[in-house]
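**Q** just the structure for this:
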Amino acid sequence: MQANRRRFLGGLLAAGLIPKPTWADAGGPAYLAAAAKPDGSFTLCGIGKALDITFEIPLPARGHAAAAHPTRPQAVAFARRPGTFALVIDCVSGAVKAQLHSPQGRHFYGHGAFSQDGDWLFTTENDYEQGQGRIGVWDVSKGYTRVGEFPSGGVGPHDIKRLPASDILVVANGGVDTHPDSGRVKLNIATMQPNLTYLEQGKIIEVAELPSELHKNSIRHLAIGPDGQVAFGMQWQGDGQMSALIGQHRQGQAIQLIGADEDHARALDGYIGSIAYSRNGKKIAVTSPRGGVVHQYDANELTFDQMFELPDVCGVAPLDRGFAITSGRGDIGSLGSAGAAFAQSDALRWDNHLVEI
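**A** The predicted structure is shown next:
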């Protein structure tokens, strides 16, 4: 009986008589985030605009970031670097739709992005035998089958985003070479060359590099403004203190660095964990879990605005007004012109990223 019903419903869906599921069917989440639970298990959560939990789906291991399909209620949950698997999850039923495995000699970096139409998934990967970055290509219509790859334009591609209303991808090539045999040890600090690489249809169309004296400033995480401007957060691999860990770039122009005074720079501890633009693109927020601080900057004036302290803070994403923030202690809340408001939960300890849907 159940099989007949499934066939009947499948026939109606194929004929277009039943609307295809959307994110509204998964509770209308605004964000995705991985978390750890007190019993040592892991989960992927949907989070609503009011910062309430809309769903929880178990994960087999610690997650990092997720990629949200642009129309279907599907999420690709990536393992933490150097993970070799990712799960495609139906966020309505909680079912695993597909399992992605990096090819032999590769590992994922914990991030991915969909094409504008949602037909293709792109994943950042390390070809660790060659010491080169690759972008994996997965066919969504064929059950997320891997169909190809192309160069990332550098070493250590970490984050990847798609520019608005286009299929241009921007990749944060962190410049750091690693190998699973050495764990998370960084093998090429003296020669690293981070960059932003823009790709279209698998071809490099632009590369933006930092000044040579900043070659140890690893570009890791990206945010895309409403007009296609790119903000990026860096992690300093050199000695001493780095005053500029945030940058902006627009295609065809030079990179602009955003610095802070000595005290505020010291508070970041050389490490940006996540970065986001405000809805209108006028503000940039960055988090430092090592420093336990959130910084906000003026994106037009390239100046520091304010700092808020929160231990182990990392996830950040835009709210209608201000920013949504999560921490590894279980905090979730907002930061805006009126200040900060947070609630702490013992049930969920948030991982690195808060991904906007």
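
**Q** which residues touch G110?
**A** By C-beta atoms under 8 Å, 6 or more residues apart in numbering, G110 lies in contact with 64-65, 78-81, 83, 124, 158, 352. Every residue, glycine included, has its C-beta placed from N, CA and C.

**Q** swap in 6 Å and give it another go.
**A** If a contact means C-beta atoms under 6 Å, 6 or more residues apart in numbering, then G110 has 64-65, 78, 80-81 as its contacts.

**Q** how far does stretch 275-285 sit from its chain's centre?
**A** On the basis of C-alpha atoms, centre = their mean, to the nearest Å, stretch 275-285 sits 15 Å off its chain's mean C-alpha point.

**Q** what are the ranges of the strands in the stretch 51-200 of the chain?
**A** Under the criterion DSSP state E, counting those that start in this stretch, strands of the stretch 51-200 of the chain are mapped to 53-59, 63-68, 74-79, 85-90, 96-101, 106-114, 120-127, 132-139, 145-151, 157-162, 168-173, 195-200.

**Q** shaky segments in the protein?
**A** For the chain, applying pLDDT under 70 flags the ranges 1-18, 181-184, 187.

**Q** for it, what spans make up the helices?
**A** Under the criterion DSSP state H, the chain contains helices at 2-14, 262-268.

**Q** quick one: the last one to chain centroid distance?
**A** Taking C-alpha atoms, centre = their mean, one finds helix 262-268 lying 24 Å from the centre of the chain it belongs to.

**Q** likewise stretch 126-139?
**A** The answer for stretch 126-139 is 17 Å, by C-alpha atoms, centre = their mean.

**Q** and what of stretch 112-131?
**A** In this view, stretch 112-131 has its centroid 12 Å away from the chain centroid, taken as C-alpha atoms, centre = their mean.

**Q** residues in contact with that stretch?
**A** With contacts defined as C-beta under 6 Å, 6+ apart, stretch 112-131 is touched by 67, 69-71, 76, 102, 105-109, 111, 134-136, 138, 140, 157, 160-162, 167, 177, 179.

**Q** just the buried ones from those?
**A** Neighbour-count burial (16 or more other C-beta atoms under 10 Å) is assigned, among the contacts of stretch 112-131, to 67, 69, 76, 102, 106-109, 111, 134-136, 138, 140, 157, 160-162, 167, 177.

**Q** pull the contacting residues for the closest residue to V176 other than its chain neighbours.
**A** Distances taken as C-beta to C-beta, 6 or more residues apart in numbering put G156 closest to V176, at 4.4 Å, once the chain neighbours are dropped. Going by C-beta under 6 Å, 6+ apart, G156 touches 174-176.

**Q** what's the distance between G156 and F150?
**A** G156 sits 16 Å away from F150, going by C-beta to C-beta, to the nearest Å.

**Q** L348 contacts A35, doesn't it?
**A** Yes - in this structure, L348 is within contact of A35 by C-beta atoms under 6 Å, at 4.2 Å.

**Q** still on that earlier bit, among the strands of the stretch 51-200 of the chain, which comes closest to G336?
**A** strand 53-59 (21.2 Å; C-beta to C-beta).

**Q** got phi/psi on A254?
**A** Dihedral pair for A254: phi -80, psi 160, per degrees, to the nearest 10.

**Q** the spatially closest residue to T197 that is not a sequence neighbour: neighbour count?
**A** Distances taken as C-beta to C-beta, 6+ apart place G153 nearest to T197, at 2.9 Å, with adjacent residues excluded. Residues near G153, counting by other C-beta atoms under 10 Å, number 21.
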